[in-house]
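Enquirer: Quick one, fold the following:
(one chain, ligands or ions: 1)
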Amino acid sequence: MKTDIETIQRLVLEAAETARKETASEPEPEKSRKAKWPLTCTVGPGLEGAIACESKVGYVNGAKGWLVYRGYNIFELCAYSSFEEVSFLLLHGKMPKAVELDLFKRKLFNYARINKVIMQLMGFPIDQMSVMGALRLGANLMRSQYRNLDKANARPAPFDAISADEDSIAMETLPSGSERATFEFRSSVRRAAAKPKRGFDKASGLEDSCHLIAGISCIAAAVSRIHNGLLPLEPRPDLSFAGNLIYLITGRQPTPVQERVMDIALILHADHGMNASTFATMVVASTLADIYFSVGAGIAALSGPLHGGANEEVLRSLREIGSVEKVKPWIERKLAEKGKVSGFGHRVYKAYDPRARILGPLAGLLIKEKPELKPLYAVAQKLEETVLNTFGKEKKIFPNVDFYSGLIYSFLGFDDELFTPMFAASRVAGWTARVLEYMENNRIFRPRGLYIGEFNKRYVPLKLRA
Ligand code: SDX
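Expert: Predicted coordinates:
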């Protein structure tokens, strides 16, 4: 009898085989070579077609429906890897050895305990903020909190630390010993006066990246609990990154299936080429603003409904449609209004988004644990079928990553407002990996705008203007 985890692995590998068969007629892309700048590109509005930089972090092929992280295809990573391993891969460019992975997991766990940031955050009116808004604020609080504290030359010596009453920040979990206490530091921390060298020095960039990968998901979970009138929780050392994320949000121990599905969802969202939020992150970093400000820009860009915010829109649409019988008239009305069906279409994918190929069947698996959501899932399946049969196949508009991700997070017990923050909790790995890579050979982004205005106009004083 196959375990549920083996079933998940089989679903992923079956999706890989379906993808291979359905795109077999597409020509194999030629392997990219090192660019000889300057390059000639055909560029459309919104920099469509423009090549902004070279990268070894990730590759997307829209015709073949390929998504590759550092040479590994996404199906392989979802079948066999974990979000911790994939984050290490994206940041370091290689798979970790056992001892490296163990150290990396410990580092992420230690950085995930950001009680002081959470306490500061609770001092703001976050009950009136969206989770994405609070995430941006949290990234800035992390910046002030860790940017200096974690620099070797500014880190307080251990004897400086006093163990504050570990209940100094109310947490729902029982106190668990001074090693988990919230340390207040007696001496005010010297702010590292180090001027940023050209780009980041690699070590600090990596440390900051780990802070952000660990912290963003904790802030999202804490804000969600505060929105629900609950206190934040502390991460548990016995849970994986994905398991802790479910626990920090719901307060419940996830089932093995829930934990594995969350892990795969995190892997799938980690990187995706030069998408809007990654580009925004890199543009800010290219000015030598630090990586916390850069990630803040990525969070802002991702919040838009054309980008990461689409997964929330999808659930709204499914609930608005309400039943499979109403799918077709709903689509007709949407198209008549020249509207877009959220969760479909993609600037790059003109084949089925490989991430949706994996998330769809996983949603079907989770539905068994939440039969009350069966009607919503049925509407989603009918919507996919109808979009593909009415205009999708003809216009090459297929489900994208956002189509099923919201359903999956719903099945995991997350509020809608957490769907896009979950995207950010994962994509921060890709954002930081690409910033670190780009800063190796930084060049400030400065594209051109084509001026189509007038010239030689003469100034007319205000009193003479009609
Ligand atoms: C993400 O870049 C990335 O990699 C992003 C992302 C990542 O991992 O970072 O993959 C994550 O952002 C996924 C996309 C999530 N957004 C949505 O689901 C919102 C709905 N999708 C559309 O807004 C649209 O498909 C975009 C924005 C995703 C892509 O838009 P493009 O490439 O600019 O395409 P377009 O708007 O120029 O549309 C081309 C044609 C148009 O028809 P015509 O005017 O030529 O007749 O396709 C139509 C569009 O109307 N079309 C759609 C549609 N998407 C495109 N029609 C209806 N519903 C849709 N969803």
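Enquirer: start to end distance for stretch 104-120?
Expert: With Cα to Cα, to the nearest Å as the measure, the ends of stretch 104-120 fall 27 Å from one another.
Enquirer: count of residues packed around G360?
Expert: Neighbourhood size, G360 [other Cβ atoms under 10 Å]: 22. (Glycine included, C-beta is placed from N, CA and C.)
Enquirer: Three-state assignment for it, please.
Expert: helix (DSSP: H, G, I helix; E, B strand; the rest coil).
Enquirer: isn't it right up against N400?
Expert: No - between G360 and N400 there is no contact under Cβ atoms under 8 Å: 11.4 Å.
Enquirer: Which residue, other than its chain neighbours, is closest to S405?
Expert: Excluding the flanking residues, the one nearest S405 by Cβ to Cβ, 6 or more residues apart in numbering is N311, at 4.7 Å.
Enquirer: Can you check the pLDDT for the one you found?
Expert: What the model reports for N311 is a pLDDT of 93.
Enquirer: for Q258, same thing?
Expert: Q258 is assigned a pLDDT of 96 by the prediction.
Enquirer: which secondary element of this structure has the worst mean pLDDT?
Expert: Using mean pLDDT, DSSP states H and E, strand 183-185 stands out as the lowest-scoring helix or strand of the chain, at a mean of 31.
Enquirer: State the mean pLDDT of the helix or strand following it.
Expert: Toward the C-terminal end, the helix or strand that comes next after strand 183-185 (DSSP states H and E) is helix 202-227. Here helix 202-227 scores 90 as its mean pLDDT.
Enquirer: Counting neighbours, which bits of helix 202-227 end up buried?
Expert: 204-227 (16 or more other Cβ atoms under 10 Å).
Enquirer: Can you tell me what sits against the helix or strand following that helix?
Expert: Next helix or strand after helix 202-227 toward the C-terminus (DSSP H and E): helix 241-250. With contact meaning Cβ atoms under 8 Å, 6 or more residues apart in numbering, helix 241-250 is reached by 82-84, 105, 108-109, 112, 217-218, 220-222, 224-225, 232-233, 235-236, 239, 252-254, 258-260, 262-263, 266, 412-414, 418, 422, 425.
Enquirer: Buried subset of those residues as a PyMOL selection?
Expert: In PyMOL syntax, the buried subset of those is picked out as below (16+ other Cβ under 10 Å):
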select buried, resi 82+83+84+105+108+109+112+217+218+220+221+222+224+225+232+233+235+239+254+258+259+260+262+263+266+412+413+414+418+422+425
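Enquirer: when you check the ligand, which of the contacts of helix 241-250 turn up near it?
Expert: When contact is defined as Cβ under 6 Å from any ligand atom, the contacts of helix 241-250 do not meet the ligand at all.
Enquirer: Please spell out the segments of the stretch 151-300 of the chain that come in under the pLDDT threshold.
Expert: Within the stretch 151-300 of the chain, the ranges that satisfy pLDDT under 70 run 151-204.
Enquirer: interface residues of it facing the ligand?
Expert: Within the stretch 151-300 of the chain, the positions lying close to the ligand (Cβ under 6 Å from any ligand atom) are H272, G273, N275.
Enquirer: May I see these organised as TSV, with distance to S130 added?
Expert: Putting these into TSV (distance: Cβ to Cβ, whole Å) gives the following:
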residue	distance to S130
H272	22
G273	26
N275	20
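Enquirer: The stretch 251-400 of the chain: helices as residue ranges?
Expert: Taking DSSP state H, counting those that start in this stretch, the helices of the stretch 251-400 of the chain run over residues 256-268, 276-286, 291-302, 310-321, 327-336, 354-366, 374-387, 393-395.
Enquirer: residues in contact with the residue in the stretch 201-350 of the chain that the ligand sits nearest to?
Expert: Proximity of the stretch 201-350 of the chain to the ligand (Cβ to the nearest ligand atom) peaks at G345, 2.3 Å away. By Cβ under 8 Å, 6+ apart, G345 lies in contact with I397, F398, N400.
Enquirer: Next: I5.
Expert: Applying Cβ under 8 Å, 6+ apart, one finds that I5 lies in contact with P256, V257, R260.
Enquirer: if we can go back for a sec, using CSV, please lay out the helices of the stretch 251-400 of the chain together with distance to Y438.
Expert: Below are the helices of the stretch 251-400 of the chain laid out as CSV (distance: least, Cβ to Cβ, whole Å):
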stretch, distance to Y438
helix 256-268, 22
helix 276-286, 5
helix 291-302, 10
helix 310-321, 26
helix 327-336, 38
helix 354-366, 24
helix 374-387, 36
helix 393-395, 34
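Enquirer: right, so of those helices, which gets closest to L135?
Expert: Distance to L135, taken as Cβ to Cβ, is lowest for helix 291-302 among the helices of the stretch 251-400 of the chain, at 5.1 Å.
Enquirer: Can you give me the buried ones in the closest one?
Expert: I291, Y292, S294, V295, G296, A297, G298, I299, A300, A301, L302.
Enquirer: same thing with stretch 79-89?
Expert: A79, S81, S82, F83, E84, E85, V86, S87, F88, L89.
Enquirer: Any stretches of the stretch 1-150 of the chain with poor pLDDT?
Expert: For the stretch 1-150 of the chain (pLDDT under 70), the answer is 1-2, 146-150.
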